[in-house]
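Asks: Structure of the sequence below:
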Amino acid sequence: MMADSSSKVVAVFDFDGTLTDRDTLFDFIGFYLGMPRLIAGLLLLSPMLILFKLGFITNDKAKERLFSYFFSGKSETDFNAVCADYKNRVGNILKPEAIEKLKYHQQEGHSVIIDSASIANWIAPWAESAGIDNVIGTRIEIIDGIITGKFVGKNCYGQEKVRRLLELYPDRESYRLYAYGDSNGDKPLLDIADYPFYRKFK
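Replies: As a prediction, this is how the structure comes out:
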């Protein structure tokens, strides 16, 4: 049910492929570790990635194994420092038409959120600099200041995007929802939006 025209407006954007022109998981790994280590790691992980593509491993498990391979055992402090540096990189891979729409919602006084399967840590510094209200993303486990390689809760993909949004903004009928996405993982979120935009901004 659509809320009335005087109600609060929430605009939620996917990140990878919607606001940006690429998947930031691989882009961030390359930024953090360098392209040679990224390529070498992907070659070693290729049997697992093939099983994922064939449907034998879920998206959640494949992504967690990939993240664990590259980042397990690293310092949270060092990781977040690189995430802060990455915000300048994000500025170079944004889609102009997506940012134009994001700024439109901000100028209208709407609540603007990023709801992404990517790790929240490397989205948040750029999002804060862009005046975005909240970042919903996949959360990583930290024990004693060290990254374990595991996720806290589920990978923020598909129905989990909806669950996390409604956790932040419950009472769905009290606000109008714009949603922007580009992949199958965004479709559950688009399905609950009053104004869904799939691979477009108008």
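
Asks: I'd like the average pLDDT over stretch 103-117.
Replies: The average pLDDT within stretch 103-117 is 97.

Asks: Report the buried residues of it.
Replies: Burial within stretch 103-117, assessed by neighbour count using 16 or more other Cβ atoms under 10 Å, is assigned to His105, Gln106, His110, Ser111, Val112, Ile113, Ile114, Asp115, Ser116, Ala117. Yep, even glycine has a C-beta here, placed from its N, CA and C like the rest.

Asks: Relative to Ile57, which of those residues is nearest.
Replies: Among these, Ala117 lies closest to Ile57 (Cβ to Cβ), at 15.7 Å.

Asks: and the gap between the closest residue to that closest one other than its chain neighbours and Thr138?
Replies: Leaving aside its sequence neighbours, Ala117 sits nearest to Tyr157 (Cβ to Cβ, 6 or more residues apart in numbering; 4.3 Å). Distance from Tyr157 to Thr138, counting by Cβ to Cβ, to the nearest Å: 8 Å.

Asks: Quick one: end-to-end distance for stretch 87-106.
Replies: Start and end residues of stretch 87-106 are separated by 19 Å (Cα to Cα, to the nearest Å).

Asks: Off-centre distance for that stretch?
Replies: 14 Å (Cα atoms, centre = their mean, to the nearest Å).

Asks: ok, now stretch 173-191?
Replies: So, by Cα atoms, centre = their mean, the centroid of stretch 173-191 is 14 Å from its chain's centroid.

Asks: Stretch 136-150 too?
Replies: Mean-position distance between stretch 136-150 and its chain equals 15 Å (Cα atoms, centre = their mean).

Asks: how long is it end to end?
Replies: 17 Å.

Asks: by contact count, what packs against the helix or strand bottoming out on mean pLDDT in the chain?
Replies: Across the helices and strands of the chain, mean confidence by mean pLDDT, DSSP states H and E is lowest for helix 46-53: a mean of 92. Other helices and strands packing on helix 46-53, by 3 or more Cβ pairs under 8 Å, 6 or more residues apart in numbering; DSSP states H and E, are helix 59-71.
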